[in-house]
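S.K.: with the input below, show me the fold.
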Amino acid sequence: MNKSILQAKQLCKTFSSDGQQQHILTNLDIDIYEGDFTIIMGSSGSGKTTLLYALSGMDKPTLGKIIFRGTQIQDLNSDELAGFRKKHCGFVFQSIYLLENMSIMDNVLTAGYLVSNNKPEIIKRAKELFLQVGLREEIWRKFPSQLSGGEKQRAALIRSLINKPAILFADEPTGALNSSSGKDVLDILTKINQNGQSIVMVTHDIKAAIRANRIIYIMDGKICGELHLDKYMETNLDDRIKKIRDFLRENNW
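M.R.: This next block holds a predicted model:
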């Protein structure tokens, strides 16, 4: 097993609604390991997205600790949390948050300049990433409105990687894409993971889940099951899918 890079200990998240306390996460413990492709699954309302947001510093837990390489990030103030996210985290969402008044290249470069003053290095890395995800030079200066959904999501993925994040967090990144574009994005995520990128992704899609080497199942804000798989290869997929389906059935999916 690889080295633990992020831990949550006794994590709780509670919301108040109409005077009632709603417990979204309850005394949850989890380790995220370097180089893993970890997928979080669960039914609607199970707490999987809340967990993703807490682990990434996008939201603070009510109780508990979140430790990234020895630093307890739940104790950081808002500015410190923003710095943590910019330096160590990448984000990809189902909704594609690109700035419409900027070209996709400028969307990426702007994110890079937030963490580095070395503009030539950022530009060089951006160009390399664009080519790696199959976005050719002739569309780098196009605006998001001129691109397909799949192209926009690949551009958003480049933006999430420009700062060389320790962990890439993804929340249903293929949820709004057609099957072909979704496969393209999953192929890219799989490739960068196989090159060492740690990924934590929320999904409800078995086609996405087969890419993971670790699946965590959440129910009512608690981890109730965990499945470990070999690294993804485009062989023996039937056996891999069967293992995942059996695991999900055991957890009342």
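S.K.: pull out the buried residues from stretch 21-34.
M.R.: Residues of stretch 21-34 classed as buried by neighbour count (16 or more other Cβ atoms under 10 Å): 24, 25, 26, 28, 30, 32, 34. In this view, the C-beta of every residue, glycine as well, is placed from N, C-alpha and C.
S.K.: for the stretch 1-150 of the chain, what spans make up the strands?
M.R.: Here the stretch 1-150 of the chain has its strands, by DSSP state E, counting those that start in this stretch, at 4-17, 20-33, 37-41, 63-68, 71-72, 89-93.
S.K.: okay if I get those strands as CSV plus mean pLDDT and distance to residue 222?
M.R.: Shown next, in CSV, are these (pLDDT from 0 to 100; distance: least, Cβ to Cβ, whole Å):
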stretch, mean pLDDT, distance to residue 222
strand 4-17, 93, 10
strand 20-33, 93, 6
strand 37-41, 98, 12
strand 63-68, 96, 13
strand 71-72, 93, 22
strand 89-93, 95, 24
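S.K.: and the contacts of stretch 214-221?
M.R.: 13, 23-26, 28, 30, 33, 36-43, 46-48, 50-51, 209, 223-229, 244, 247-248, 251-253 (Cβ atoms under 8 Å, 6 or more residues apart in numbering).
S.K.: show me the shaky parts of this protein.
M.R.: Scanning the chain for pLDDT under 70 picks out 1.
S.K.: longest helix of it?
M.R.: In the chain, assigned by DSSP state H, the helix with the most residues is helix 179-194.
S.K.: in that helix, which residues are buried?
M.R.: Quick answer for helix 179-194 (16+ other Cβ under 10 Å): 181, 182, 184, 185, 186, 188, 189, 190, 192, 193.
S.K.: count the neighbours of residue 125 for me.
M.R.: 20 (other Cβ atoms under 10 Å).
S.K.: does it touch residue 158 like I think?
M.R.: No. Residue 125 lies out of contact with residue 158 (Cβ atoms under 8 Å); the separation is 9.3 Å.
S.K.: for residue 111, find the nearest of the strands of the stretch 1-150 of the chain.
M.R.: strand 89-93 (9.3 Å; Cβ to Cβ).
S.K.: what comes into contact with the closest one?
M.R.: With Cβ under 8 Å, 6+ apart, strand 89-93 has contacts from 56-58, 85, 153, 156-157, 160-161, 163, 165-173.
S.K.: hang on, residue 167 packs against residue 87?
M.R.: No. Using Cβ under 8 Å as the test, residue 167 is too far from residue 87 to be in contact (11.3 Å).
S.K.: can you get me a residue count around residue 128?
M.R.: Counted with other Cβ under 10 Å, residue 128 comes out at 10.
S.K.: residue contacts, the closest residue in space to residue 74 that isn't next to it in sequence?
M.R.: Leaving out its chain neighbours, the residue that sits closest to residue 74 by Cβ to Cβ, 6 or more residues apart in numbering is residue 66, at 5.0 Å. Residue 66 makes contacts with 6, 7, 8, 9, 11, 54, 55, 57, 72, 73, 74, as judged by Cβ under 8 Å, 6+ apart.
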